[in-house]
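*Asks:* Curious how this folds, go ahead:
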Amino acid sequence: MPASRLKLLFVVEGYTDIRFVAGLSEIADLTLAVPQVQYRESGLGRRIEQAGIKVQVAELPGRRFAYQQRCFRYLWNHIREFDVVLSQEMLRGSFNACMVGALKGAPVVLYTCLPAIDYFRCRRERKQLGWVKALAGEWLIRALMTINGRLAARCVAMGPYLCQIARRYCPRTENGLYYGVDTDFFRPADTEERRQLRRKLDLPVDKFLIFLSSRISHEKDPETVLRAASIARKRGLDAVVLNLGGGYKDFLELGRRLELPGVEEWILGRPAAHPMTEVADYFRTADVMALASLSEGLGISNLEALACGTPVVCTAVGGMALELKGLARLTPRRDAEAMAREFLWIAANTEAARAHALQGREYVVREWNRRRAFSDLLITLQQVARSKVAPESRPSAAALS
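*Replies:* Alright, predicted model coming up:
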């Protein structure tokens with residue numbers, strides 16, 4: 001491979017984070033292949049334009065099957081123009097990239113940030129699926145992960161927990177840090193600065209602020225956070241819970257559905273804040289960051305909170321149980337009582353809780369900083385790009401049968 005900048009194609013299955021796109025654009029000449037609907041609906045296109053990120057974008061129209069067909073056609077016509085392809089997750093979007101890559105002799109790297117099977121099972125747990133669809137869906141997910149894992153040149157998984165899962169399907173898996181944490185942006189604030197930030201953000205200055213930085217989706221468990229806050233309020237803690245995100249209206253409605261007392265007074269919801277310019281101030285001013293989940297790959301918002309010296313309370317599941325042991329205050333799955341006790345402890349031991357969180361910041365600076373995330377990824381992409389092989393020596397679809 002020549003010494004010039006890497007020509008990288010990033011194939012996006014659904015939504016992706018602008019922080020990851022921005023980092024990729026810094027280490028390579030980047031082209032995105034994205035589903036047009038999600039690209040526009042999520043505001044990613046607008047944010048890329050506003051930030052002036054240097055990237056070429058191929059917007060592919062259609063949903064699901066129509067998008068799949070157009071994505072396959074685009075890859076077939078253009079994949080050899082790139083040194084390496086990076087594909088999001090190990091599912092249907094990556095199936096196109098891996099199949100075309102195998103046929104055309106183009107190296108494909110998968111990047112996974114979620115435990116797909118566990119997340120899918122959460123739909124069944126929430127009774128969103130019947131057992132027939134649940135079995136069929138899980139079979140399809142396993143099949144896609146098996147095929148893609150066999151065909152991919154490499155897989156990068158966010159954190160040790162997801163590495164364990166991905167290696168079952170792709171032995172060539174290594175640890176990644178996704179977009180990492182910008183520890184200059186996510187930084188601690190002292191007591192006075194936190195008060196000033198609350199005034200600036202129009203948040204109650206004198207309340208115990210619980211920040212739920214999470215989308216509202218089937219694998220998350222906002223119900224437990226709300227019930228825990230309600231329990232803590234009954235025991236004398238003047239707490240409010242804030243959620244930012246595209247689903248904040250669903251979050252407000254959830255509080256009403258749970259019939260918790262006085263929800264209109266203490267449950268707050270707002271649209272998503274810009275992750276590169278605004279969201280850090282919410283972490284910095286909060287008394288605690290809470291994340292309850294039925295299943296979780298890691299939850300990078302936990303690391304962002306720790307980088308701000310903000311105490312974290314989260315469920316001991318998946319990557320959170322593995323990565324955050326000793327850094328966050330972990331509670332059992334769906335245990336609102338245990339989470340309420342942690343809120344009360346933090347409120348009664350503010351200085352000790354923040355000192356503990358600052359130890360977590362040291363860990364994030366050392367192990368999860370943004371610079372390391374993209375420098376490590378660049379090394380992987382360069383290694384894979386140098387190992388381009390002829391189409392006839394790549395695994396074929398027939399070899400998988």
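*Asks:* All the strands of the stretch 151-300 of the chain, in order from the start?
*Replies:* Along the stretch 151-300 of the chain, the segments classed as strands by DSSP state E, counting those that start in this stretch run 154-158, 173-176, 208-212, 239-244, 267-270, 288-291.
*Asks:* give the contact list for Leu162.
*Replies:* By C-beta atoms under 8 Å, 6 or more residues apart in numbering, the contact list for Leu162 reads Thr112, Cys113, Leu114, Pro115, Gly297, Leu298, Gly319. Glycine gets a C-beta too; all of them are placed from N, C-alpha and C.
*Asks:* Find the residue ranges of the stretch 51-200 of the chain scoring beneath the pLDDT cut-off.
*Replies:* Applying pLDDT under 70 to the stretch 51-200 of the chain flags no residue at all.
*Asks:* Relative to Glu253, which of the contacts of Leu162 is nearest.
*Replies:* Comparing the contacts of Leu162 against Glu253 with C-beta to C-beta places Leu114 closest, at 25.0 Å.
*Asks:* Can you tell me, leaving aside adjacent residues, what's nearest to the closest one?
*Replies:* Nearest non-adjacent residue to Leu114, counting by C-beta to C-beta, 6 or more residues apart in numbering: Gly297, 4.6 Å away.
*Asks:* from what I can see that neighbour touches Pro160, true?
*Replies:* No. Gly297 lies out of contact with Pro160 (C-beta atoms under 8 Å); the separation is 10.7 Å.
*Asks:* Show me the domain layout of this structure.
*Replies:* 6-180+369-387, 191-367 (automatic domain parsing).
*Asks:* and the shortest one, how far out from the chain's middle?
*Replies:* Read it as domain 191-367. 16 Å (C-alpha atoms, centre = their mean, to the nearest Å).
*Asks:* Stretch 50-70 now?
*Replies:* Put simply, stretch 50-70 sits 20 Å off its chain's centre (C-alpha atoms, centre = their mean).
*Asks:* circling back to that earlier point, can you list the strands of the stretch 151-300 of the chain in JSON lines and add distance to Leu44 and mean neighbour count?
*Replies:* Listed next are those as JSON lines, based on distance: least, C-beta to C-beta, whole Å; neighbours: other C-beta atoms under 10 Å:
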{"stretch": "strand 154-158", "distance to Leu44": "19", "mean neighbour count": "25"}
{"stretch": "strand 173-176", "distance to Leu44": "21", "mean neighbour count": "18"}
{"stretch": "strand 208-212", "distance to Leu44": "23", "mean neighbour count": "25"}
{"stretch": "strand 239-244", "distance to Leu44": "17", "mean neighbour count": "23"}
{"stretch": "strand 267-270", "distance to Leu44": "19", "mean neighbour count": "20"}
{"stretch": "strand 288-291", "distance to Leu44": "23", "mean neighbour count": "26"}
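*Asks:* need the ones you listed in CSV with distance to Asp250, can you?
*Replies:* CSV is the format used below for the strands of the stretch 151-300 of the chain (distance: least, C-beta to C-beta, whole Å):
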stretch, distance to Asp250
strand 154-158, 26
strand 173-176, 30
strand 208-212, 12
strand 239-244, 9
strand 267-270, 9
strand 288-291, 17
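*Asks:* mind checking which of these is nearest Ala340?
*Replies:* Once the strands of the stretch 151-300 of the chain are compared by C-beta to C-beta, strand 239-244 is nearest, at 9.4 Å.
*Asks:* give me every residue that touches Leu330.
*Replies:* By C-beta under 8 Å, 6+ apart, Leu330 lies in contact with Cys314, Thr315, Ala316, Met320, Ala321, Leu324.
*Asks:* and the two most separated of those residues?
*Replies:* Farthest pair in the contacts of Leu330 (C-beta to C-beta) is Thr315 and Leu324. Separation: 10.0 Å.
*Asks:* Just the closest of the contacts of Leu330 to Glu367, please.
*Replies:* Set against Glu367, the nearest of the contacts of Leu330 by C-beta to C-beta is Leu324 (11.9 Å).
*Asks:* For that closest one, report the pLDDT, please.
*Replies:* With respect to pLDDT, Leu324 scores 96.
*Asks:* show me what contacts the closest residue to it other than its chain neighbours?
*Replies:* Distance criterion C-beta to C-beta, 6+ apart; nearest residue to Leu324, sequence neighbours excluded, is Asn302 at 6.0 Å. For Asn302, the contact set (C-beta under 8 Å, 6+ apart) comprises Met289, Leu291, Val312, Cys314, Met320, Leu324, Ala328.
*Asks:* burial of the closest residue to the last one other than its chain neighbours, as a residue count?
*Replies:* In other words, Ala328. Among residues not flanking Ala328 along the chain, Val312 sits closest, at 3.8 Å (C-beta to C-beta, 6+ apart). Per other C-beta atoms under 10 Å, the neighbour tally for Val312 reads 31.
*Asks:* Contact partners for Val312?
*Replies:* Neighbours of Val312 in contact, by C-beta under 8 Å, 6+ apart: 288-291, 302, 305-306, 324, 327-329, 357, 360.
*Asks:* Among those residues, which one lies nearest to Gly236?
*Replies:* For the contacts of Val312, the nearest to Gly236 is Val288 (16.1 Å; C-beta to C-beta).
*Asks:* Let me know whether that closest one touches Cys314 as I believe.
*Replies:* No. Using C-beta under 8 Å, Val288 is not in contact with Cys314, being 10.2 Å away.
*Asks:* State the distance from Cys98 to Ile79.
*Replies:* According to C-beta to C-beta, to the nearest Å, Cys98 and Ile79 sit 11 Å apart.
*Asks:* again but with Ala58, I slipped
*Replies:* Taking C-beta to C-beta, one finds Ala58 at 12 Å from Ile79.
*Asks:* Between the two, which is the more surrounded one?
*Replies:* Ranked by neighbour count (other C-beta under 10 Å), Ala58 and Ile79 place Ile79 first, with 22 against 17.
*Asks:* Contacts only, for the closest residue in space to that one that isn't next to it in sequence.
*Replies:* Nearest-residue entry for Ile79: Ala106, 4.6 Å, with adjacent residues in sequence omitted and distances by C-beta to C-beta, 6+ apart. If you count contacts by C-beta under 8 Å, 6+ apart, Ala106 has them with Ile79, Arg80, Phe82, Val84, Val85, Val100, Lys388.
*Asks:* Show me those residues that map onto helices.
*Replies:* Using DSSP state H, Val100 are the members of these that sit in helices.
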